[in-house]
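>>> Test case, fold it:
(one chain, ligands or ions: 1)
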Amino acid sequence: MPEISLRHLASWKALQSHYEEIAPLHLRDLFAQDPDRGERLTAEAAGIYLDFSKHRVTDKTLQLLFDLARETDLEERREQMFQGAHINVSENRADLGIALRMPKESSLVVDGVDVVREVHQVLDQMTEFSDRVRSGTWRGHTGLAIKNVVNIGIGGSDLGPVMAYEALRYYARRDLNFRFISNVDATDLVEALRDLDAAETLFIVCSKTFGTLETLTNAHSARDWLVGQLGKDAVAKHFVAVSTDVARVCEFGIDRENMFGFWDWVGGRYSMDSAIGLSTMIAIGPEHFTEMLAGFHEMDVHFRTAPIEKNLPVIMGLLGLWYRDFFACQTVGVMPYDQYLRRLPAYLQQLTMESNGKRVTNNGKPVEYETGAIYWGEPGTNGQHSFYQLIHQGTTLIPLDLIVFARGLNVLGDHHDILSSNVFAQAEALAFGTTENEVRAEGVAEQTIPFRVMEGNRPTSVIMAEMLTPRLLGSLVALYEHLVFVQGSVWGIDSFDQWGVEYGKVLAVKIIPELTADTDPELSHDLSTNTLIRRYRRLKRDEAGHGN
Ligand code: F6P
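Numbering: from 1, shown residues only. Down below sits the predicted model:
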């Protein structure tokens, strides 16, 4: 990373002046002057076809973006990441999600350890356990087979497992029930367990640190629920753990041999393909899980070896930076046109925003440019009946990733073609819109025309694949993991720490006893917080007084 600030680089300055040329151009003009861009501005890898032609770029824009990537040593930093350098600067750690999916016969020695060998030892342990649960040979305390698998975790210990289960439900065992408890709001646990029989229920407590208050609170309450029905001795057969911290797992009362480990070089938001994905492997089986890992790996190889000009994560990452830092876009919309991917946007929120929501560079200096965008989204076509109005005719420019599959998993009449038609239609409408004259030619009353004009010039990427499979899910997630890396690398920030989430936790731990104390405590917060706490305690007391 050059010592000089990003904004002072020649390529950044060139992009700044280039932006002045590009901003006034309309996609209608760009396509009229360069019709074959619709085929040229595409790239394909690992089962994914990316059409980025409906972006507000020319060949010159792309060249300048690639220049920026090179001037910020992207290719060198990428190679450092793949070799296990400590790219997580503030925690002095490697971040090696790519090792989780490297083939068994490969090896990668980091800090003197062959991490691939360790990864496959855990995968073998996961496979053996998953097979026992799926075959019914793993028996609960009363001798019954497991029918319910309940994952307890939050953040990366929940979002990945939930997204993967929902995305791959088509491939999952339908005679097993999967539930996911994450929120410390008791409602999450109560509703998840309400209809379950403890004798048939297995809990997977997922926590990299095994110190997250929400997860431990839920895990203890789940254990109380189980012990209440089956007695203390039942815990061993109904609880397993996924963590990096053996001591804390054993302290909770889970046997060491029922723990599936992972490592500090696996970031929580990069962990769905680690043992954190145990619930996924039980749901879809070890073979499908292996296919998912192969998809991750295929995209890894593409990212590591493809020229940056044809490199999907590089192209998507740089386009995101183009809108973030030059068009001043605040958000990116991810709209998967597949109901099984309905939790993908939520998953991507942590992956992108916890990674790149940073304000200092790796050198500890405040950034002088915008960094991580706000990611959000809903499956299509539902979003079209909710917020697409703003995307089409609002005053905020929102670049979209539209995800579409050529074949749906549930074939029913024309449903899939109707669904897919919307992807192509939305991308076309957003790009080209309708002019005043076109609306007038439709016979629209003069006074209504301004309301009907669709400005267009709103950019989209269309990401197309043949079908949603475990392999494709792996490729797709790896695509986003690596575009996050690309952006963090150019911005010169640490995409792998998350100090911003720690302070709130510290304050909350201090406030808990102020809420639970029998007598009103001395409070030393600001007047707003003190007043809120006092009001909360009074309302809670009044409710108790009403005997509700
Ligand atoms: O949100 C903060 C965070 O540390 C995430 O990075 C992580 O995925 C989540 O909390 C859960 O952490 P753990 O897996 O250690 O319980």
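
>>> mind listing what residue 342 touches?
166, 336, 378, 379 (Cβ atoms under 8 Å, 6 or more residues apart in numbering). Placement of C-beta: from N, CA and C, glycine included.

>>> List only those of these flagged as buried.
Using 16 or more other Cβ atoms under 10 Å as the burial test, these include 166, 336, 378, 379 as buried.

>>> Restricted to helices, list those.
Using DSSP state H, the subset of the buried ones among the contacts of residue 342 located in helices is residue 166.

>>> Closest one to residue 236 out of the buried ones among the contacts of residue 342, please.
residue 166 (30.1 Å; Cβ to Cβ).

>>> residues contacting the closest one?
340, 341, 342, 343.

>>> One more pass at 6 Å, please.
Contacts here follow Cβ atoms under 6 Å, 6 or more residues apart in numbering; on that basis residue 166 touches residue 343.

>>> Can you name the residues of the stretch 151-300 of the chain that neighbour the ligand?
Counting by Cβ under 6 Å from any ligand atom, the stretch 151-300 of the chain comes close to the ligand at 154, 155, 156, 157, 207, 208, 209, 212, 215, 268, 269.

>>> ok, and the closest non-adjacent residue to the residue sitting nearest the centre point of the chain?
Nearest residue to the geometric centre of the chain (Cα atoms, centre = their mean): residue 348, 2.5 Å. Nearest non-adjacent residue to residue 348, counting by Cβ to Cβ, 6 or more residues apart in numbering: residue 375, 5.1 Å away.

>>> quick one, phi/psi of the one you found?
Reported as degrees, to the nearest 10, the phi and psi values for residue 375 are phi -100, psi 140.

>>> in the stretch 401-548 of the chain, which spans are strands?
Under the criterion DSSP state E, counting those that start in this stretch, strands of the stretch 401-548 of the chain are mapped to 460-465.

>>> just the helices in it please.
415-432, 436-441, 449-452, 470-491, 502-516, 527-545 (DSSP state H, counting those that start in this stretch).

>>> before we move on, back to that, spatially, which two of the residues of the stretch 151-300 of the chain next to the ligand are the most separated?
Using Cβ to Cβ, these reach their maximum pairwise distance at 215 and 269, which is 15.2 Å.

>>> and residue 328, how many residues sit next to it?
9 (other Cβ atoms under 10 Å).

>>> give me the element it is part of.
Residue 328 is part of no helix or strand when elements are defined by DSSP states H and E.

>>> Excluding chain neighbours, what is closest to it?
residue 370 (7.1 Å).

>>> do residue 131 as well
residue 286 (6.8 Å).

>>> how close does the one you found sit to residue 339?
26 Å (Cβ to Cβ, to the nearest Å).

>>> thinking again about what came up before, out of the buried ones among the contacts of residue 342, which comes closest to residue 438?
residue 378 (29.2 Å).

>>> just how off-centre is stretch 28-39 within its chain?
Distance of stretch 28-39 from the chain centroid (Cα atoms, centre = their mean, to the nearest Å) equals 33 Å.

>>> Contacts for that stretch, please.
So stretch 28-39 is in contact with 53, 432, going by Cβ under 6 Å, 6+ apart.

>>> Next, count neighbours for the closest residue to the ligand within the stretch 351-500 of the chain.
Closest approach between the stretch 351-500 of the chain and the ligand, counting by Cβ to the nearest ligand atom: residue 498, at 4.7 Å. Residue 498 has 21 neighbours, counted by other Cβ under 10 Å.

>>> right, and it touches residue 354 too?
Yes: using Cβ atoms under 6 Å, residue 498 is in contact with residue 354, at 5.2 Å.

>>> residue contacts, residue 367?
Residue 367 neighbours (Cβ under 6 Å, 6+ apart): 359, 361.

>>> so residue 150 sits right up against residue 205, yeah?
No: contact criterion Cβ under 6 Å: residue 150 and residue 205 do not qualify, at 9.4 Å.

>>> just to revisit the earlier point, just the buried ones from the residues of the stretch 151-300 of the chain next to the ligand, in PyMOL syntax?
Listed next is the PyMOL selection for buried residues among these, using 16+ other Cβ under 10 Å:
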select buried, resi 154+155+156+157+207+208+212+215+268+269
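
>>> Can I get the lowest-mean-pLDDT helix or strand in the chain as PDB, trimmed to CA atoms?
Every helix and strand of the chain was ranked by mean pLDDT, DSSP states H and E. The lowest is helix 527-545, at a mean of 91. Extracted C-alpha coordinates of helix 527-545, given in PDB (Å, rounded to 0.1, in the frame of the first residue of the first chain):
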ATOM      1  CA  LEU A 527     -29.400  12.500  31.500                       C
ATOM      2  CA  SER A 528     -31.000  10.900  28.500                       C
ATOM      3  CA  THR A 529     -29.700   7.400  29.300                       C
ATOM      4  CA  ASN A 530     -30.400   7.800  33.000                       C
ATOM      5  CA  THR A 531     -34.000   9.000  32.200                       C
ATOM      6  CA  LEU A 532     -34.600   6.100  29.900                       C
ATOM      7  CA  ILE A 533     -33.300   3.600  32.400                       C
ATOM      8  CA  ARG A 534     -35.500   5.100  35.200                       C
ATOM      9  CA  ARG A 535     -38.600   5.100  32.900                       C
ATOM     10  CA  TYR A 536     -37.900   1.500  31.900                       C
ATOM     11  CA  ARG A 537     -37.600   0.300  35.500                       C
ATOM     12  CA  ARG A 538     -40.800   2.200  36.400                       C
ATOM     13  CA  LEU A 539     -42.800   0.700  33.600                       C
ATOM     14  CA  LYS A 540     -41.400  -2.800  34.300                       C
ATOM     15  CA  ARG A 541     -42.400  -2.400  38.000                       C
ATOM     16  CA  ASP A 542     -45.900  -1.000  37.100                       C
ATOM     17  CA  GLU A 543     -46.400  -4.000  34.800                       C
ATOM     18  CA  ALA A 544     -45.400  -6.300  37.700                       C
ATOM     19  CA  GLY A 545     -47.900  -4.300  39.900                       C
END
